[in-house]
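Enquirer: The amino acid sequence is not available; the structure is as follows:
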């Protein structure tokens with residue numbers, strides 16, 4: 001699924017048909033229509049949280065709902081409270097794999113310890 005081809009709608013109640021521009025995310029914190037990735041006529045790529053209850057983060061920063069936020073090649077997006085993160089590739093990776101969206105499970109942060 002190449003990002004430059006089309007807009008992508010992410011949600012809990014959308015068909016899982018990436019070739020048609022929809023990606024289903026199966027997690028209780030994901031809204032029916034959670035977020036979208038869209039492209040401008042100038043070639044920029046944006047993500048927008050569609051007013052979801054649990055929000056969307058890009059590179060660790062929570063998005064303002066209903067506001068287009070530019071994303072760059074390699075941006076990491078987390079939808080809702082899921083531990084799965086999606087790295088967005090605008091260009092094909094150096095290993096020759098196809099560009100697109102890949103989900104990667106990220107372990108929860110380790111508890112901070114204090115030296116005594």
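Expert: Alright, I've got the coordinates. All of these numbers come straight from a predicted model, not from anything done at the bench.
Enquirer: What segments of this protein are strands?
Expert: In the chain, the segments counted as strands under DSSP state E are 8-11, 22-24, 35-39, 45-49, 56-58, 61-62, 69-71, 76-79, 84-88, 101-105.
Enquirer: which helices and strands does the fourth one pack with?
Expert: Yep, that's strand 45-49 we're talking about. Under the contact criterion of 3 or more C-beta pairs under 8 Å, 6 or more residues apart in numbering; DSSP states H and E, strand 45-49 touches strand 35-39, strand 56-58, strand 69-71. Bear in mind the C-beta positions are built from the backbone N, C-alpha and C, glycine included.
Enquirer: Could you check it and say which residues are buried?
Expert: Neighbour-count burial for strand 45-49 flags 45, 47, 48, 49 (criterion: 16 or more other C-beta atoms under 10 Å).
Enquirer: Determine the angle, from 0 to 180 degrees, between that strand and strand 35-39.
Expert: Using axes from the mean of the first three to the mean of the last three C-alpha atoms, to 10 degrees, the inter-axis angle of strand 45-49 relative to strand 35-39 is 160 degrees.
Enquirer: Now do strand 45-49, average pLDDT.
Expert: What strand 45-49 shows for mean pLDDT is 93.
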